[in-house]
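1. sequence and predicted model, in that order:
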Amino acid sequence: MRQRAAAVLAVVALAATGCGGGDGGAAASTAEGSASGPTGTVTVFAAASLTDVFTELGQRLEEENVGLTVQFNFAGSSALATQLTQGAPADVFASANAAQMSVVTDAGLADGEPAVFTANVLQIAVPAGNPAGVTGLGDFGREELTLAVCAPEVPCGAASEDVFAAAGITPRPDTQEEDVRAALTKVELGEVDAALVYATDVVAAGDAVEGIAFPEAEDAVNDYPLCTLAAAPNPEGARAFVDLVGSEEGQQALEAAGFRAP
Amino acid sequence: MRRERTPAPLLVPAALAVAFLVLPLAGLLVRTPWSQLGTLLTAPGVGQALRLSVVSATLATLVSVVLGVPLAWVLARSRARGRAVLRALVTVPLVLPPVVGGVALFLVLGRQGILGSWLAETTGITIPFTTAAVVIAETFVAMPFLVISVEGALRGADARFEDAAATLGADRWTTFRRVTLPLVAPGVAAGAVLCWARALGEFGATITFAGNFPGTTQTMPLAVYLALQRDPQAAIVLSLVLLVVSVATLLLLRDRWLGRGAAA
(Lines give C-alpha, C1' and ligand atoms only; values in the text may rest on other atoms or scores of the structure.)
Protein backbone atom coordinates (compact mmCIF):
# COMPACT_ATOMS: atom_id res chain seq x y z
CA MET A 1 0.00 0.00 0.00
CA ARG A 2 2.75 2.44 0.96
CA GLN A 3 4.60 1.55 -2.21
CA ARG A 4 1.56 2.34 -4.30
CA ALA A 5 1.14 5.63 -2.53
CA ALA A 6 4.73 6.49 -3.33
CA ALA A 7 4.20 5.61 -6.97
CA VAL A 8 1.11 7.77 -7.14
CA LEU A 9 3.01 10.61 -5.53
CA ALA A 10 5.77 10.25 -8.09
CA VAL A 11 3.28 10.38 -10.93
CA VAL A 12 1.62 13.45 -9.43
CA ALA A 13 5.03 15.05 -9.02
CA LEU A 14 5.85 14.24 -12.64
CA ALA A 15 2.57 15.66 -13.89
CA ALA A 16 2.99 18.78 -11.77
CA THR A 17 6.54 19.49 -12.88
CA GLY A 18 5.66 18.51 -16.43
CA CYS A 19 3.34 21.50 -16.64
CA GLY A 20 5.85 23.80 -15.02
CA GLY A 21 8.14 24.07 -18.03
CA GLY A 22 11.58 25.59 -17.56
CA ASP A 23 13.18 23.84 -14.59
CA GLY A 24 10.52 21.13 -14.81
CA GLY A 25 12.71 18.92 -16.95
CA ALA A 26 15.41 18.52 -14.35
CA ALA A 27 12.95 17.88 -11.52
CA ALA A 28 11.08 15.33 -13.61
CA SER A 29 14.22 13.38 -14.44
CA THR A 30 15.18 13.28 -10.75
CA ALA A 31 11.78 11.91 -9.83
CA GLU A 32 11.92 9.36 -12.61
CA GLY A 33 15.51 8.47 -11.66
CA SER A 34 14.61 7.56 -8.09
CA ALA A 35 11.86 5.31 -9.36
CA SER A 36 13.67 3.47 -12.20
CA GLY A 37 17.43 4.05 -12.01
CA PRO A 38 19.74 6.67 -13.45
CA THR A 39 18.96 8.73 -16.55
CA GLY A 40 20.71 11.40 -18.53
CA THR A 41 24.25 11.15 -19.81
CA VAL A 42 27.17 9.59 -17.95
CA THR A 43 30.57 10.65 -19.21
CA VAL A 44 33.33 8.12 -18.60
CA PHE A 45 36.99 9.03 -19.12
CA ALA A 46 38.82 5.73 -19.50
CA ALA A 47 42.28 4.49 -20.45
CA ALA A 48 42.52 3.46 -24.11
CA SER A 49 43.10 -0.19 -23.14
CA LEU A 50 39.56 -0.31 -21.73
CA THR A 51 37.95 0.73 -25.02
CA ASP A 52 36.34 -2.57 -26.04
CA VAL A 53 35.24 -3.88 -22.65
CA PHE A 54 33.92 -0.53 -21.37
CA THR A 55 32.03 0.10 -24.59
CA GLU A 56 30.35 -3.27 -24.11
CA LEU A 57 29.57 -2.58 -20.43
CA GLY A 58 28.23 0.86 -21.36
CA GLN A 59 25.82 -0.69 -23.82
CA ARG A 60 24.60 -3.14 -21.18
CA LEU A 61 24.03 -0.30 -18.72
CA GLU A 62 22.07 1.63 -21.36
CA GLU A 63 19.92 -1.43 -22.04
CA GLU A 64 19.21 -1.87 -18.33
CA ASN A 65 18.40 1.81 -17.82
CA VAL A 66 16.17 3.34 -20.46
CA GLY A 67 16.93 7.03 -20.77
CA LEU A 68 20.57 6.63 -19.78
CA THR A 69 23.33 7.38 -22.27
CA VAL A 70 26.91 6.37 -21.53
CA GLN A 71 29.44 8.52 -23.29
CA PHE A 72 33.14 7.60 -23.42
CA ASN A 73 36.35 9.47 -23.87
CA PHE A 74 39.08 6.89 -24.44
CA ALA A 75 42.67 8.11 -24.51
CA GLY A 76 45.99 7.64 -22.79
CA SER A 77 45.61 7.98 -19.02
CA SER A 78 47.94 10.97 -18.87
CA ALA A 79 46.03 12.79 -21.61
CA LEU A 80 42.81 12.14 -19.70
CA ALA A 81 44.33 13.33 -16.42
CA THR A 82 45.46 16.52 -18.18
CA GLN A 83 41.98 17.05 -19.61
CA LEU A 84 40.40 16.54 -16.18
CA THR A 85 42.76 18.95 -14.42
CA GLN A 86 42.01 21.46 -17.18
CA GLY A 87 38.34 21.25 -16.27
CA ALA A 88 36.88 18.72 -18.70
CA PRO A 89 33.46 17.64 -17.40
CA ALA A 90 33.31 13.93 -16.57
CA ASP A 91 31.55 11.56 -14.16
CA VAL A 92 33.98 8.65 -13.97
CA PHE A 93 37.74 8.34 -14.48
CA ALA A 94 39.36 4.95 -15.04
CA SER A 95 43.15 5.17 -15.20
CA ALA A 96 45.60 2.56 -16.45
CA ASN A 97 47.97 3.36 -13.60
CA ALA A 98 48.15 4.80 -10.12
CA ALA A 99 50.39 7.72 -11.15
CA GLN A 100 47.84 9.37 -13.42
CA MET A 101 45.05 8.70 -10.93
CA SER A 102 47.04 10.55 -8.28
CA VAL A 103 47.32 13.54 -10.66
CA VAL A 104 43.54 13.70 -10.44
CA THR A 105 43.23 12.95 -6.71
CA ASP A 106 46.03 15.43 -5.87
CA ALA A 107 44.03 18.10 -7.68
CA GLY A 108 41.12 17.30 -5.37
CA LEU A 109 38.91 16.20 -8.24
CA ALA A 110 38.03 12.69 -7.07
CA ASP A 111 34.98 11.83 -5.01
CA GLY A 112 36.36 9.59 -2.26
CA GLU A 113 39.24 7.13 -2.56
CA PRO A 114 39.87 5.51 -5.96
CA ALA A 115 39.55 1.71 -5.97
CA VAL A 116 41.58 -0.77 -8.00
CA PHE A 117 39.10 -2.65 -10.19
CA THR A 118 41.32 -4.71 -12.47
CA ALA A 119 44.92 -5.37 -13.50
CA ASN A 120 46.93 -6.01 -16.63
CA VAL A 121 50.27 -7.71 -17.37
CA LEU A 122 52.67 -7.40 -20.28
CA GLN A 123 52.81 -9.94 -23.08
CA ILE A 124 54.92 -10.27 -26.20
CA ALA A 125 52.83 -9.66 -29.31
CA VAL A 126 54.03 -11.25 -32.55
CA PRO A 127 52.41 -11.35 -36.00
CA ALA A 128 50.27 -14.44 -36.67
CA GLY A 129 52.54 -17.46 -37.21
CA ASN A 130 55.42 -15.78 -35.35
CA PRO A 131 57.62 -15.49 -38.48
CA ALA A 132 60.73 -14.46 -36.53
CA GLY A 133 60.43 -17.33 -34.05
CA VAL A 134 60.30 -15.17 -30.94
CA THR A 135 60.19 -17.25 -27.76
CA GLY A 136 60.67 -14.94 -24.80
CA LEU A 137 61.73 -11.62 -23.41
CA GLY A 138 65.38 -12.36 -24.26
CA ASP A 139 64.61 -11.93 -27.97
CA PHE A 140 64.23 -8.19 -27.36
CA GLY A 141 68.02 -8.03 -27.08
CA ARG A 142 68.50 -9.35 -30.63
CA GLU A 143 69.81 -6.64 -32.93
CA GLU A 144 68.66 -8.33 -36.15
CA LEU A 145 64.97 -8.30 -35.22
CA THR A 146 62.67 -5.34 -35.84
CA LEU A 147 61.21 -4.60 -32.42
CA ALA A 148 58.77 -2.14 -30.90
CA VAL A 149 58.39 -1.14 -27.27
CA CYS A 150 56.37 1.65 -25.72
CA ALA A 151 58.19 4.95 -25.07
CA PRO A 152 59.44 5.21 -21.48
CA GLU A 153 57.23 8.28 -21.00
CA VAL A 154 54.00 6.28 -21.30
CA PRO A 155 52.79 3.67 -18.78
CA CYS A 156 53.39 0.56 -20.89
CA GLY A 157 56.92 1.80 -21.56
CA ALA A 158 57.61 2.33 -17.89
CA ALA A 159 56.37 -1.20 -17.18
CA SER A 160 58.55 -2.53 -20.00
CA GLU A 161 61.61 -0.84 -18.50
CA ASP A 162 60.81 -2.55 -15.19
CA VAL A 163 60.63 -6.04 -16.66
CA PHE A 164 63.79 -5.53 -18.73
CA ALA A 165 65.62 -4.28 -15.65
CA ALA A 166 64.35 -7.17 -13.53
CA ALA A 167 65.38 -9.67 -16.22
CA GLY A 168 68.76 -8.03 -16.83
CA ILE A 169 68.09 -7.62 -20.55
CA THR A 170 69.22 -4.61 -22.61
CA PRO A 171 66.46 -4.17 -25.21
CA ARG A 172 67.32 -3.08 -28.74
CA PRO A 173 64.05 -1.62 -30.04
CA ASP A 174 63.74 0.04 -33.45
CA THR A 175 60.96 2.27 -32.28
CA GLN A 176 59.52 3.55 -29.00
CA GLU A 177 55.82 3.84 -29.64
CA GLU A 178 53.64 6.63 -28.29
CA ASP A 179 51.08 4.17 -26.99
CA VAL A 180 50.33 0.50 -26.85
CA ARG A 181 47.83 0.49 -29.72
CA ALA A 182 50.39 2.09 -32.02
CA ALA A 183 52.84 -0.68 -31.13
CA LEU A 184 50.17 -3.27 -31.83
CA THR A 185 49.27 -1.75 -35.20
CA LYS A 186 52.85 -2.35 -36.30
CA VAL A 187 52.59 -5.99 -35.25
CA GLU A 188 49.26 -6.38 -37.06
CA LEU A 189 50.79 -4.94 -40.22
CA GLY A 190 53.75 -7.31 -39.86
CA GLU A 191 56.15 -4.35 -39.79
CA VAL A 192 57.81 -5.45 -36.56
CA ASP A 193 58.76 -8.95 -35.44
CA ALA A 194 57.60 -8.40 -31.88
CA ALA A 195 56.26 -5.72 -29.57
CA LEU A 196 55.88 -5.59 -25.83
CA VAL A 197 52.23 -4.81 -25.09
CA TYR A 198 49.55 -5.74 -22.57
CA ALA A 199 47.77 -9.08 -22.51
CA THR A 200 44.49 -7.28 -23.17
CA ASP A 201 45.84 -5.74 -26.35
CA VAL A 202 46.72 -9.16 -27.69
CA VAL A 203 43.15 -10.37 -27.02
CA ALA A 204 41.69 -7.25 -28.66
CA ALA A 205 43.85 -7.62 -31.77
CA GLY A 206 42.23 -10.94 -32.69
CA ASP A 207 43.75 -13.43 -35.10
CA ALA A 208 46.34 -11.13 -36.66
CA VAL A 209 48.39 -11.18 -33.48
CA GLU A 210 49.65 -13.94 -31.19
CA GLY A 211 50.55 -13.41 -27.56
CA ILE A 212 53.48 -14.97 -25.73
CA ALA A 213 53.31 -14.84 -21.93
CA PHE A 214 56.62 -14.61 -20.08
CA PRO A 215 57.46 -15.06 -16.39
CA GLU A 216 59.20 -11.68 -15.96
CA ALA A 217 55.84 -9.97 -16.57
CA GLU A 218 54.99 -10.59 -12.91
CA ASP A 219 57.52 -7.90 -11.99
CA ALA A 220 55.28 -5.21 -13.43
CA VAL A 221 51.63 -5.97 -12.81
CA ASN A 222 49.63 -2.88 -13.69
CA ASP A 223 46.73 -1.97 -11.40
CA TYR A 224 43.79 0.04 -12.79
CA PRO A 225 42.16 2.47 -10.33
CA LEU A 226 38.71 3.94 -10.86
CA CYS A 227 36.92 6.87 -9.23
CA THR A 228 33.85 9.01 -9.57
CA LEU A 229 34.56 12.71 -9.82
CA ALA A 230 33.54 15.23 -7.19
CA ALA A 231 32.12 17.57 -9.82
CA ALA A 232 30.28 14.77 -11.67
CA PRO A 233 27.27 16.24 -13.52
CA ASN A 234 25.53 12.87 -13.13
CA PRO A 235 26.62 11.28 -9.82
CA GLU A 236 23.84 8.68 -9.90
CA GLY A 237 24.82 7.50 -13.38
CA ALA A 238 28.47 7.51 -12.32
CA ARG A 239 27.72 5.23 -9.36
CA ALA A 240 25.70 2.88 -11.58
CA PHE A 241 28.63 2.55 -13.97
CA VAL A 242 31.17 1.99 -11.19
CA ASP A 243 28.87 -0.61 -9.61
CA LEU A 244 28.55 -2.47 -12.92
CA VAL A 245 32.33 -2.54 -13.37
CA GLY A 246 32.76 -4.00 -9.87
CA SER A 247 29.94 -6.54 -10.27
CA GLU A 248 30.51 -10.17 -11.25
CA GLU A 249 29.16 -9.34 -14.70
CA GLY A 250 31.65 -6.52 -15.10
CA GLN A 251 34.58 -8.58 -13.81
CA GLN A 252 33.73 -11.43 -16.20
CA ALA A 253 33.72 -9.05 -19.13
CA LEU A 254 37.12 -7.71 -18.03
CA GLU A 255 38.57 -11.20 -17.76
CA ALA A 256 37.24 -12.12 -21.20
CA ALA A 257 39.12 -9.08 -22.50
CA GLY A 258 42.39 -10.34 -21.06
CA PHE A 259 42.42 -8.44 -17.77
CA ARG A 260 42.99 -10.24 -14.50
CA ALA A 261 41.25 -9.76 -11.16
CA PRO A 262 43.04 -7.21 -8.95
CA MET B 1 52.83 48.51 -54.47
CA ARG B 2 50.15 50.95 -53.30
CA ARG B 3 49.59 51.08 -49.55
CA GLU B 4 46.08 51.63 -48.30
CA ARG B 5 44.43 52.12 -44.96
CA THR B 6 42.53 49.01 -43.92
CA PRO B 7 38.77 49.51 -44.45
CA ALA B 8 36.90 49.44 -41.14
CA PRO B 9 34.74 46.37 -41.97
CA LEU B 10 37.93 44.38 -42.46
CA LEU B 11 39.66 45.68 -39.38
CA VAL B 12 37.50 44.02 -36.72
CA PRO B 13 37.48 40.49 -38.19
CA ALA B 14 41.20 40.82 -38.95
CA ALA B 15 41.87 41.78 -35.34
CA LEU B 16 39.75 38.83 -34.18
CA ALA B 17 41.73 36.52 -36.45
CA VAL B 18 44.99 37.79 -34.99
CA ALA B 19 43.70 37.27 -31.45
CA PHE B 20 42.48 33.78 -32.30
CA LEU B 21 45.79 32.74 -33.85
CA VAL B 22 48.17 34.49 -31.48
CA LEU B 23 46.53 34.04 -28.07
CA PRO B 24 47.29 30.29 -27.83
CA LEU B 25 50.94 31.12 -28.48
CA ALA B 26 50.78 33.79 -25.79
CA GLY B 27 49.35 31.11 -23.51
CA LEU B 28 52.44 28.99 -24.15
CA LEU B 29 54.69 31.94 -23.32
CA VAL B 30 52.83 32.68 -20.09
CA ARG B 31 53.12 29.10 -18.90
CA THR B 32 56.77 28.70 -19.87
CA PRO B 33 58.88 27.83 -16.82
CA TRP B 34 61.54 30.46 -17.54
CA SER B 35 63.60 29.60 -14.45
CA GLN B 36 64.05 26.00 -15.60
CA LEU B 37 64.60 26.95 -19.21
CA GLY B 38 68.33 26.28 -19.15
CA THR B 39 68.07 22.84 -17.61
CA LEU B 40 65.22 21.75 -19.86
CA LEU B 41 66.89 23.03 -23.01
CA THR B 42 70.19 21.33 -22.36
CA ALA B 43 68.50 18.03 -21.52
CA PRO B 44 69.91 15.24 -23.66
CA GLY B 45 68.05 14.72 -26.89
CA VAL B 46 66.66 18.23 -27.39
CA GLY B 47 69.35 19.40 -29.80
CA GLN B 48 69.27 16.04 -31.51
CA ALA B 49 65.51 16.17 -32.07
CA LEU B 50 65.69 19.77 -33.28
CA ARG B 51 68.47 19.00 -35.74
CA LEU B 52 66.60 15.98 -37.06
CA SER B 53 63.44 18.07 -37.45
CA VAL B 54 65.13 20.83 -39.42
CA VAL B 55 67.12 18.45 -41.62
CA SER B 56 64.19 16.18 -42.44
CA ALA B 57 61.76 19.06 -43.04
CA THR B 58 64.29 20.67 -45.39
CA LEU B 59 64.85 17.42 -47.28
CA ALA B 60 61.09 16.90 -47.53
CA THR B 61 60.74 20.41 -48.94
CA LEU B 62 63.48 19.77 -51.52
CA VAL B 63 61.81 16.56 -52.66
CA SER B 64 58.47 18.38 -52.77
CA VAL B 65 59.88 21.17 -54.95
CA VAL B 66 61.60 18.77 -57.35
CA LEU B 67 58.48 16.61 -57.78
CA GLY B 68 55.73 19.08 -56.92
CA VAL B 69 56.52 21.97 -59.29
CA PRO B 70 56.29 19.72 -62.38
CA LEU B 71 53.07 18.24 -61.01
CA ALA B 72 51.66 21.74 -60.49
CA TRP B 73 52.54 22.55 -64.11
CA VAL B 74 50.69 19.46 -65.31
CA LEU B 75 47.64 20.40 -63.24
CA ALA B 76 47.65 24.02 -64.40
CA ARG B 77 48.72 23.79 -68.04
CA SER B 78 48.40 20.31 -69.47
CA ARG B 79 45.27 19.57 -71.50
CA ALA B 80 45.22 15.89 -70.54
CA ARG B 81 41.82 14.52 -69.55
CA GLY B 82 41.09 13.62 -65.97
CA ARG B 83 43.02 16.57 -64.53
CA ALA B 84 40.20 17.34 -62.08
CA VAL B 85 40.36 13.79 -60.76
CA LEU B 86 44.15 13.98 -60.59
CA ARG B 87 44.01 17.21 -58.64
CA ALA B 88 41.56 15.71 -56.17
CA LEU B 89 43.74 12.63 -55.77
CA VAL B 90 46.99 14.45 -55.10
CA THR B 91 45.37 16.67 -52.49
CA VAL B 92 44.02 13.68 -50.56
CA PRO B 93 46.87 13.93 -48.01
CA LEU B 94 45.43 17.32 -47.02
CA VAL B 95 42.22 15.79 -45.74
CA LEU B 96 43.51 12.38 -44.72
CA PRO B 97 44.19 12.07 -40.98
CA PRO B 98 48.00 11.86 -40.92
CA VAL B 99 47.95 8.64 -38.88
CA VAL B 100 45.94 7.03 -41.67
CA GLY B 101 48.50 8.40 -44.09
CA GLY B 102 51.19 6.65 -42.06
CA VAL B 103 49.37 3.33 -42.23
CA ALA B 104 48.85 3.82 -45.98
CA LEU B 105 52.61 4.38 -46.37
CA PHE B 106 53.19 1.07 -44.56
CA LEU B 107 50.90 -0.69 -47.00
CA VAL B 108 53.01 0.54 -49.90
CA LEU B 109 56.53 1.01 -48.53
CA GLY B 110 56.51 -1.17 -45.40
CA ARG B 111 58.45 -4.41 -45.42
CA GLN B 112 55.14 -6.20 -46.08
CA GLY B 113 54.01 -3.42 -48.45
CA ILE B 114 53.44 -3.61 -52.19
CA LEU B 115 56.73 -1.93 -53.14
CA GLY B 116 58.45 -2.35 -49.79
CA SER B 117 58.39 -6.16 -49.81
CA TRP B 118 59.93 -6.18 -53.29
CA LEU B 119 62.58 -3.70 -52.15
CA ALA B 120 63.38 -5.81 -49.07
CA GLU B 121 63.70 -8.98 -51.15
CA THR B 122 65.89 -7.55 -53.89
CA THR B 123 68.11 -5.18 -51.91
CA GLY B 124 67.57 -6.04 -48.25
CA ILE B 125 66.60 -2.42 -47.57
CA THR B 126 63.62 -1.73 -45.33
CA ILE B 127 62.33 1.83 -45.07
CA PRO B 128 60.20 2.02 -41.89
CA PHE B 129 61.88 3.20 -38.67
CA THR B 130 64.63 5.07 -40.54
CA THR B 131 65.30 8.77 -41.07
CA ALA B 132 64.37 8.20 -44.72
CA ALA B 133 60.93 7.16 -43.50
CA VAL B 134 60.63 10.49 -41.64
CA VAL B 135 61.39 12.40 -44.84
CA ILE B 136 58.94 10.27 -46.83
CA ALA B 137 56.14 10.74 -44.28
CA GLU B 138 56.72 14.50 -44.15
CA THR B 139 56.86 14.76 -47.95
CA PHE B 140 53.60 12.83 -48.25
CA VAL B 141 51.79 15.22 -45.95
CA ALA B 142 53.46 18.48 -46.99
CA MET B 143 53.86 18.27 -50.78
CA PRO B 144 50.18 19.05 -51.57
CA PHE B 145 50.62 22.48 -49.95
CA LEU B 146 53.38 23.27 -52.42
CA VAL B 147 51.50 21.83 -55.40
CA ILE B 148 48.35 23.86 -54.70
CA SER B 149 50.32 27.01 -54.10
CA VAL B 150 52.39 26.68 -57.30
CA GLU B 151 49.36 25.69 -59.36
CA GLY B 152 47.60 28.84 -58.21
CA ALA B 153 50.62 30.93 -59.18
CA LEU B 154 50.77 29.27 -62.62
CA ARG B 155 47.11 29.98 -63.25
CA GLY B 156 47.58 33.59 -62.22
CA ALA B 157 50.68 34.05 -64.39
CA ASP B 158 50.27 35.92 -67.65
CA ALA B 159 50.48 33.33 -70.44
CA ARG B 160 51.34 35.99 -73.00
CA PHE B 161 54.97 35.99 -71.83
CA GLU B 162 55.17 32.28 -72.61
CA ASP B 163 53.48 32.84 -75.97
CA ALA B 164 56.01 35.55 -76.75
CA ALA B 165 58.88 33.23 -75.82
CA ALA B 166 57.46 30.56 -78.12
CA THR B 167 57.06 33.10 -80.93
CA LEU B 168 60.70 34.03 -80.51
CA GLY B 169 61.68 30.41 -81.06
CA ALA B 170 62.13 29.05 -77.53
CA ASP B 171 61.16 25.40 -77.16
CA ARG B 172 58.74 24.43 -74.40
CA TRP B 173 61.41 23.30 -71.95
CA THR B 174 63.38 26.53 -72.39
CA THR B 175 60.18 28.54 -71.99
CA PHE B 176 59.44 26.74 -68.76
CA ARG B 177 62.95 27.30 -67.39
CA ARG B 178 63.55 30.85 -68.55
CA VAL B 179 60.07 32.37 -68.52
CA THR B 180 57.50 30.40 -66.54
CA LEU B 181 59.63 29.49 -63.56
CA PRO B 182 60.94 33.03 -62.88
CA LEU B 183 57.37 34.28 -63.33
CA VAL B 184 55.98 32.00 -60.62
CA ALA B 185 59.05 32.09 -58.35
CA PRO B 186 57.19 33.94 -55.55
CA GLY B 187 54.49 31.25 -55.70
CA VAL B 188 57.09 28.49 -55.52
CA ALA B 189 58.77 30.24 -52.58
CA ALA B 190 55.49 30.69 -50.72
CA GLY B 191 54.60 27.06 -51.41
CA ALA B 192 57.99 25.87 -50.22
CA VAL B 193 57.64 27.86 -47.00
CA LEU B 194 54.19 26.39 -46.35
CA CYS B 195 55.51 22.95 -47.18
CA TRP B 196 58.51 23.34 -44.87
CA ALA B 197 56.35 24.59 -42.01
CA ARG B 198 53.92 21.72 -42.42
CA ALA B 199 56.77 19.19 -42.58
CA LEU B 200 58.40 20.67 -39.48
CA GLY B 201 55.22 20.23 -37.45
CA GLU B 202 54.37 16.81 -38.88
CA PHE B 203 53.42 14.28 -36.22
CA GLY B 204 50.87 11.61 -37.13
CA ALA B 205 52.28 10.14 -40.33
CA THR B 206 55.81 10.34 -38.96
CA ILE B 207 55.20 8.55 -35.68
CA THR B 208 53.19 5.88 -37.49
CA PHE B 209 55.43 5.17 -40.47
CA ALA B 210 58.84 6.10 -39.07
CA GLY B 211 58.21 5.23 -35.44
CA ASN B 212 59.90 7.07 -32.63
CA PHE B 213 63.53 6.54 -31.73
CA PRO B 214 65.81 9.27 -30.38
CA GLY B 215 68.45 10.26 -32.93
CA THR B 216 66.99 8.46 -35.93
CA THR B 217 63.28 9.23 -36.10
CA GLN B 218 62.33 11.32 -33.06
CA THR B 219 61.56 14.80 -34.42
CA MET B 220 60.55 17.72 -32.21
CA PRO B 221 56.77 17.20 -32.47
CA LEU B 222 57.26 13.60 -31.34
CA ALA B 223 59.53 14.71 -28.50
CA VAL B 224 56.94 17.31 -27.47
CA TYR B 225 54.14 14.76 -27.49
CA LEU B 226 56.09 12.29 -25.38
CA ALA B 227 57.34 14.97 -22.99
CA LEU B 228 53.70 15.91 -22.46
CA GLN B 229 53.13 12.40 -21.08
CA ARG B 230 55.64 12.86 -18.30
CA ASP B 231 56.52 16.51 -17.87
CA PRO B 232 54.13 19.12 -19.37
CA GLN B 233 56.59 21.91 -18.51
CA ALA B 234 59.29 20.31 -20.62
CA ALA B 235 56.75 19.93 -23.42
CA ILE B 236 56.01 23.66 -23.32
CA VAL B 237 59.71 24.48 -23.52
CA LEU B 238 60.20 22.10 -26.45
CA SER B 239 57.20 23.62 -28.24
CA LEU B 240 58.68 27.04 -27.70
CA VAL B 241 61.99 26.00 -29.23
CA LEU B 242 60.21 24.63 -32.29
CA LEU B 243 58.18 27.81 -32.50
CA VAL B 244 61.17 30.15 -32.29
CA VAL B 245 63.15 28.17 -34.86
CA SER B 246 60.25 28.00 -37.33
CA VAL B 247 59.20 31.65 -37.00
CA ALA B 248 62.80 32.83 -37.31
CA THR B 249 63.37 30.69 -40.40
CA LEU B 250 60.14 31.78 -42.03
CA LEU B 251 60.85 35.47 -41.43
CA LEU B 252 64.34 35.09 -42.81
CA LEU B 253 63.21 33.19 -45.90
CA ARG B 254 60.28 35.47 -46.68
CA ASP B 255 62.59 38.41 -46.56
CA ARG B 256 65.01 36.81 -48.96
CA TRP B 257 62.62 35.14 -51.41
CA LEU B 258 59.65 37.39 -51.59
CA GLY B 259 61.49 40.67 -51.39
CA ARG B 260 61.17 43.34 -48.77
CA GLY B 261 57.70 44.37 -49.87
CA ALA B 262 56.26 40.99 -48.97
CA ALA B 263 58.12 40.77 -45.70
CA ALA B 264 57.24 44.25 -44.48
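-> Received it, and whenever you're ready, just let me know what you need.

2. pop the domain breakdown of chain A in here.
-> Chain A resolves into domains spanning A:38-119+A:224-256, A:122-220 when parsed by automatic domain parsing.

3. okay, and the beta partners of the residue in the stretch 101-250 of chain A positioned nearest to chain B?
-> Of all residues in the stretch 101-250 of chain A, A:Thr175 sits closest to chain B, at 2.7 Å by C-beta to the nearest C-beta. From N, CA and C alone the C-beta is placed, and that goes for glycine too. On the basis of DSSP bridges, A:Thr175 is bridged to A:Ala148.

4. ok, now which ones touch it?
-> Contacts for A:Thr175 (C-beta atoms under 8 Å, 6 or more residues apart in numbering or on different chains) come out as A:Leu147, A:Ala148, A:Val149, A:Lys186, A:Val192, B:Phe129, B:Ala210, B:Gly211, B:Asn212, B:Phe213, B:Thr217.

5. what's around the second one, how many residues?
-> Spelled out, it's A:Ala148. Neighbour count of A:Ala148, defined by other C-beta atoms under 10 Å in any protein chain shown: 29.

6. sketch out the low-pLDDT regions of the stretch 1-150 of chain A for me.
-> Low-confidence segments of the stretch 1-150 of chain A (pLDDT under 70): A:1-36.

7. residues of it that sit close to chain B?
-> Residues of the stretch 1-150 of chain A lying close to chain B by C-beta under 8 Å from any C-beta of the partner chain are A:Gly76, A:Ser78, A:Ala79, A:Thr82, A:Thr146, A:Ala148.

8. can you do 10 Å?
-> When proximity is defined by C-beta under 10 Å from any C-beta of the partner chain, the stretch 1-150 of chain A lies next to chain B at A:76-79, A:82, A:85, A:99-100, A:127, A:146-148, A:150.

9. tell me the contacts of the closest residue to A:Ala48 other than its chain neighbours?
-> Excluding the flanking residues, the one nearest A:Ala48 by C-beta to C-beta, 6 or more residues apart in numbering or on different chains is A:Phe74, at 5.1 Å. The neighbourhood of A:Phe74, defined by C-beta atoms under 10 Å, 6 or more residues apart in numbering or on different chains, consists of A:44-52, A:54-55, A:80, A:94, A:181.

10. equivalent analysis for A:Asn130, please.
-> A:Ile124, A:Asp193, A:Ala194, A:Glu210, A:Ile212.

11. likewise B:Thr91?
-> B:Thr91 touches B:Leu75, B:Met143, B:Pro144, B:Phe145, B:Val147, B:Ile148, B:Glu151, counting by C-beta under 10 Å, 6+ apart.

12. closest point of chain B to chain A, which residue?
-> Closest point on chain B to chain A, by C-beta to the nearest C-beta, is B:Gly211, at 2.7 Å.

13. wait, what's in contact with that residue?
-> B:Gly211 sits in contact with A:146, A:148, A:173-178, A:182-183, A:186, A:191-192, B:102, B:128-130, B:133-134, B:217-218, B:222, where contact means C-beta under 10 Å, 6+ apart.

14. run the last query once more with 7 Å
-> A:Asp174, A:Thr175, A:Glu177, B:Pro128, B:Phe129, B:Thr217 (C-beta atoms under 7 Å, 6 or more residues apart in numbering or on different chains).

15. next one, pLDDT for it please.
-> We note a pLDDT of 94 for B:Gly211 in this prediction.

16. so it lies in a helix, does it not?
-> No - using DSSP: H, G, I helix; E, B strand; the rest coil, the secondary structure at B:Gly211 is coil, not a helix.

17. what about it, distance to A:Gly67?
-> 46 Å (C-beta to C-beta, to the nearest Å).

18. what do you get for A:Ala88?
-> 24 Å.

19. as a check, name the ranges of all strands in the stretch 1-150 of chain A.
-> With DSSP state E, counting those that start in this stretch, the ranges of strands along the stretch 1-150 of chain A come out as A:40-47, A:68-75, A:92-94, A:110-120, A:122-127, A:147-150.

20. to clarify, my last question referred to chain B.
-> With DSSP state E, there are no strands along chain B.

21. so which of the contacts of A:Asn130 is the most crowded?
-> Counting by other C-beta under 10 Å, top hit in these: A:Ala194 with 27 neighbours.

22. show the model's pLDDT score for it.
-> 97.

23. same deal with A:Ala204?
-> Note for A:Ala204: predicted pLDDT of 83.

24. same deal with the one 10 residues further on?
-> In this model, A:Phe214 is scored at 94, pLDDT.

25. tell me how many other residues surround it.
-> 18.

26. how near is it to A:Leu137?
-> A:Phe214 is 5 Å from A:Leu137, where distance means C-beta to C-beta.

27. my guess is B:Gly110 contacts A:Glu191, does it?
-> Yes - B:Gly110 is within contact range of A:Glu191, at 4.9 Å (criterion: C-beta atoms under 7 Å).

28. find the residues that touch each one of the two.
-> Joint contacts of B:Gly110 and A:Glu191 (C-beta under 7 Å, 6+ apart) are B:Pro128.

29. which positions in the stretch 51-200 of chain B make contact with chain A?
-> Residues of the stretch 51-200 of chain B found near chain A (C-beta under 7 Å from any C-beta of the partner chain) are B:Phe106, B:Gly110, B:Arg111, B:Gln112, B:Pro128, B:Phe129.
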